[in-house]
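> predicted coordinates and the sequence they were generated for:
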Amino acid sequence: MRCLTAGIIILLTAISVHHVEAQNAKADGGYRVPTDTSSDWTVDQYLEYGKRFEKVKPDSAWLYYEKARVLAEKLNDDRGRSRYISHAIVLLNDEGKYDRALSLSEDMITIGVDLKDTTIQIKGYNDVANDYEYLGSLQDASEHYLTALRLANLLGNKRMEQRLNNNIASVFIELKDYAQANVYASESLRMAIANKDTAEMGSSLINLGLTERHLNRYEEALKHFDQTIQIGKSVHDPTLAADARIDKGVIYTQQNKLDMARREYEQVRSMAEELKMPYYSLYAIFSLAVVDQQEHRYSRAAKFAKQAISIGEKIGAADELREMYDTLSVVLEKMGDLQGALAYRKKYDILNDSTMSANVRTNINRLQIQYKAAQKDKEIAMQKLQLARNNVTIERKNNLLLIFAGGIFILLGLIFFSYWYYRERQKLQEQTIINFRKEREVIHLKAIMQGKDEERRRISAEMHDDIGSALTTIMYLCDNLKGNGVPNAAGWNCTMDKITATSGKVVDKMNEIIWSMNKEYDTLDDLITYIRHNVVELLEDHDIDCHFNVPEQVPSTTLGGEKRRNVYLVVKEAVHNVVKHAEATEVFVDFAIGDELCIHIRDNGRGIDMNNRNRFSNGLKNMQRRMEAIGGKFSIRSEKGTAVNISLPLDKVCGEVKSV
């Protein structure tokens with residue numbers, strides 16, 4: 001399974017039905033269209049004929065696949081049923097019916113176990129893993145891929161080992177474990193070279209290049225993407241070349257080589273329009289919009305973004321549309337088109353809410369699948385139990401006959417009984433393994449629930465301490481208005497101003513809590529953006545000039561909600577002190593980023609008396625406690641105004657670098 005950049009699923013445009021049917025008529029195999037009277041057709045002939053219609057006419061493919069299934073069941077041909085399942089899964093996955101495909105894949109595993117056919121078991125475990133990956137259950141997907149890989153190793157099936165290594169690499173890429181993904185992608189490439197499978201070499205190189213890009217090994221990644229482009233040309237697979245060029249463009253963007261990135265995206269765009277590949281057109285055009293946005297060419301960025309959105313809305317690319325709506329909203333805001341920006345922000349919010357609902361529905365469907373699977377396992381177990389009872393009855397009757405037949409028949413009966421006992425022991429061991437996995441899932445769920453409880457308690461405390469206090473103040477002011485009888489204009493306005501100010505603080509506090517909880521803003525770049533927006537807004541309200549100094553490149557370091565919130569609140573408190581006490585006309589906020597995040601806030605005000613800090617003691621202590629709680633440092637000094645310094649160690653991660 002190929003893992004594509006930015007999570008875009010590539011759907012190739014199929015050739016016309018007329019051309020395929022014409023080729024079918026000329027096939028060397030001499031197939032003729034089966035009819036209800038075609039009694040001489042085999043299961044494989046039905047499947048082979050149906051496969052010709054998979055991409056161009058799925059309904060016709062289903063017709064012949066169902067004929068194959070009926071014939072296999074009529075002949076009690078389990079191997080034929082397994083081959084039917086392999087073909088049916090392809091159609092179900094193309095139609096997005098992953099739940100149904102998952103159920104059929106599990107049936108294939110059962111068939112392989114019953115037939116003691118390791119090859120069928122490997123295919124079953126691989127297909128189950130594919131469907132779990134489509135459904136977003138990466139842990140289950142990785143477990144089944146690894147099981148299939150162990151069986152392929154035992155069987156010595158090198159081609160299946162190579163594909164499974166590449167599939168496992170794609171799972172680890174989605175899990176963002178790029179070092180582990182690199183190991184499996186490298187092994188997949190080695191085996192593809194040994195098998196002389198050029199197409200699989202290209203797929204492996206894509207995953208290998210992705211892991212190297214995320215590990216900041218850009219030269220190696222670019223080399224492997226160039227090899228992929230050449231392979232795509234040699235095997236006539238345009239998607240390989242398009243994938244590689246897109247990933248090269250991402251690397252050039254990260255290196256701020258925007259002209260080179262634009263060339264790669266333009267080539268993908270040209271290729272996609274020529275071959276009518278809408279998803280590639282969408283991604284190439286949107287990438288061009290992102291490049292223009294970084295170069296502050298907002299008018300052209302808006303044009304490209306609207307073209308990409310038009311394609312996305314036609315093909316129903318919900319995940320990509322969310323990102324494009326958000327980006328276009330920001331671009332229009334930069335251009336001063338606030339009404340247009342608000343319209344696309346609303347589209348983003350609507351699509352984001354619907355996507356979240358879809359995720360909830362997916363989880364519910366998955367639970368239903370698990371319940372149905374459990375019911376099916378129970379029915380199978382009851383049938384096997386009844387079969388065992390029938391076998392015992394038959395065995396007793398046979399024993400009576402064996403007594404008269406002689407000792408040789410008694411010996412055969414003992415052998416049969418030993419085999420039956422061995423099978424029962426195997427079933428018991430399998431049940432023990434299932435129970436162990438269920439216990440592990442329960443432990444995992446308990447850990448998740450405990451984490452959620454801790455988060456609820458933290459939010460509850462903040463709601464009670466800050467928002468609860470503010471709401472109580474509003475209630476008190478409202479009661480005061482009611483008790484004054486005929487309102488005095490000055491007193492009435494004063495009280496209403498207090499209510500308005502307190503309500504604004506409640507809204508700000510709610511926004512801070514929501515921002516600290518939202519994992520979409522858990523990067524250092526998002527923290528700096530949030531601080532800049534709020535500090536500038538506060539100082540502009542008080543006619544104080546604000547000067548920000550931010551490095552051109554900000555590493556994509558992840559910061560948890562508590563760290564982001566405490567850093568923001570300390571900066572906010574420092575700026576509030578300037579507004580209330582400093583009598584300043586200018587404020588300078590400087591950011592320095594290395595092993596630590598350092599923020600230096602200084603003003604040109606009257607400064608603070610370092611020998612008499614009692615009036616600020618509580619606020620300064622709170623700021624110091626907040627930084628110490630997240631492992632940071634806080635200091636303050638007076639020099640031609642007041643200077644506040646805070647620092648926070650940053651985790652060293654292999655992340656991308658964003659330009660500011």
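Perfect, thanks for sending it.

> for residue 547, see how far away residue 334 is.
Summarising the geometry, the distance separating residue 334 from residue 547, computed by CB to CB, to the nearest Å, is 20 Å. The C-beta positions use only the backbone N, C-alpha and C, and glycine is treated the same way.

> ok, residue 218 next?
With CB to CB as the criterion, residue 218 and residue 547 are 34 Å apart.

> and what of residue 427?
Summarising the geometry, the distance separating residue 427 from residue 547, computed by CB to CB, is 74 Å.

> repeat for residue 134
In this view, residue 134 and residue 547 are 50 Å apart by CB to CB.

> could I get the phi/psi values of residue 593?
With angles defined as degrees, to the nearest 10, residue 593 shows backbone torsions of phi -130, psi 120.

> ok, it touching residue 549?
No - using CB atoms under 8 Å as the test, residue 593 is too far from residue 549 to be in contact (11.4 Å).

> which one of those two has more residues nearby?
Under the neighbour definition other CB atoms under 10 Å, residue 593 and residue 549 were set side by side, and residue 593 has more, 17 against 10.

> and the closest residue to that one other than its chain neighbours, helix, strand or coil?
Across the structure, with CB to CB, 6 or more residues apart in numbering as the measure, the residue nearest residue 593 apart from its sequence neighbours is residue 551 (5.5 Å). Applying DSSP: H, G, I helix; E, B strand; the rest coil to residue 551 yields a three-state assignment of coil.

> wait, residue 551 touches residue 594, no?
No - the criterion here is CB under 8 Å, and residue 551 misses it with residue 594 at 9.5 Å.

> surely residue 645 is in a helix?
No - secondary structure of residue 645 (three-state DSSP): strand, not part of a helix.

> circling back: who has more neighbours, residue 334 and residue 547?
Set side by side, residue 334 and residue 547 show more neighbours around residue 334, with 14 against 10, by other CB under 10 Å.

> wait, the more buried one sits on residue 298?
Yes - under the criterion of CB under 8 Å, residue 334 lies in contact with residue 298, with a separation of 4.9 Å.

> pull the number of nearby residues for residue 101.
25.

> same question for residue 174.
15.

> for residue 166, see how far away the residue positioned nearest the centre of the chain is.
Geometric centre of the chain, nearest residue: residue 174, 6.3 Å, by CA atoms, centre = their mean. In this structure, residue 174 and residue 166 are 13 Å apart, going by CB to CB.

> cool, and residue 273?
Taking CB to CB as the criterion, residue 273 is separated from residue 166 by 29 Å.

> hang on, the earlier thing: so the residue nearest to the centre of the chain makes contact with residue 136?
No - taking CB under 8 Å as the contact criterion, residue 174 and residue 136 are not neighbours in contact, 9.0 Å apart.

> between residue 551 and residue 594, who's got more neighbours?
Taking other CB under 10 Å, residue 551 and residue 594 do not tie; residue 551 has more neighbours (14 against 9).

> show the pLDDT at that one.
In this prediction, residue 551 carries a pLDDT score of 91.

> show the contacting residues for residue 211.
The neighbours of residue 211, taking CB atoms under 8 Å, 6 or more residues apart in numbering as the test, are 169, 173, 178, 179, 181, 182, 185.

> which among those residues end up buried?
Taking 16 or more other CB atoms under 10 Å as the criterion, what is buried in these is 169, 173, 178, 181, 182, 185.

> re earlier: who has more neighbours, residue 273 and residue 166?
For residue 273 and residue 166, the more surrounded residue by other CB under 10 Å is residue 166, and the numbers stand at 26 against 14.

> state the mean pLDDT of the helix or strand that one falls within.
Under the criterion DSSP states H and E, the helix or strand holding residue 166 is helix 158-174. For helix 158-174, mean pLDDT is 85.

> show me which positions of the next helix or strand after it end up buried.
The helix or strand immediately downstream of helix 158-174 is helix 178-195, counting by DSSP H and E. When neighbours are counted by 16+ other CB under 10 Å, the buried residues of helix 178-195 are found to be 178, 180, 181, 182, 184, 185, 186, 187, 188, 189, 191, 192.

> cool, stretch 130-138 as well?
By neighbour count, with 16+ other CB under 10 Å as the criterion, the buried positions of stretch 130-138 are 130, 131, 132, 133, 134, 135, 137, 138.

> what about the nearest residue to residue 258 once chain neighbours are set aside, neighbour count?
Across the structure, with CB to CB, 6+ apart as the measure, the residue nearest residue 258 apart from its sequence neighbours is residue 291 (5.2 Å). Here the count is done by other CB under 10 Å, and residue 291 has 21 residues near it.

> quick check: residue 91 touching residue 65?
Yes - contact between residue 91 and residue 65 holds when scored by CB under 8 Å: they sit 7.3 Å apart.

> of these two, give the one with the bigger neighbour count.
Counting neighbours by other CB under 10 Å for residue 91 and for residue 65 shows that residue 65 has the greater number, 25 against 21.

> please report how far the more buried one lies from residue 104.
Counting by CB to CB, the gap from residue 65 to residue 104 is 11 Å.

> which neighbours do the two have in common?
Once CB under 8 Å, 6+ apart is applied, the residues that residue 65 and residue 104 both contact turn out to be residue 88.

> do you have the helices of the stretch 551-660 of the chain handy? List them.
With DSSP state H, counting those that start in this stretch applied, the stretch 551-660 of the chain shows helices at 561-577, 617-629, listed in chain order.

> please tell me how far the residue of the chain positioned farthest from its centre sits from residue 398.
In the chain, counting by CA atoms, centre = their mean, residue 404 sits farthest out from the average C-alpha position, at 69.5 Å. With distances defined as CB to CB, the gap from residue 404 to residue 398 amounts to 11 Å.

> before we move on, the earlier item: show me what counts as buried in the helix holding residue 166.
Buried residues in helix 158-174, counted by 16+ other CB under 10 Å: 160-173.

> now stretch 332-341
Buried, per 16+ other CB under 10 Å, within stretch 332-341: 332, 333, 337, 340, 341.

> I'd like those residues as CSV, with distance to residue 635, pLDDT and secondary structure appended.
Putting the buried residues of stretch 332-341 into CSV (distance: CB to CB, whole Å; pLDDT from 0 to 100; DSSP: H, G, I helix; E, B strand; the rest coil) gives the following:
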residue, distance to residue 635, pLDDT, secondary structure
332, 42, 91, helix
333, 37, 89, helix
337, 44, 90, coil
340, 45, 87, helix
341, 40, 86, helix
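
> now, among these, which is nearest to residue 541?
When the buried residues of stretch 332-341 are compared for distance to residue 541, the smallest value, 19.8 Å, is given by residue 333; criterion: CB to CB.
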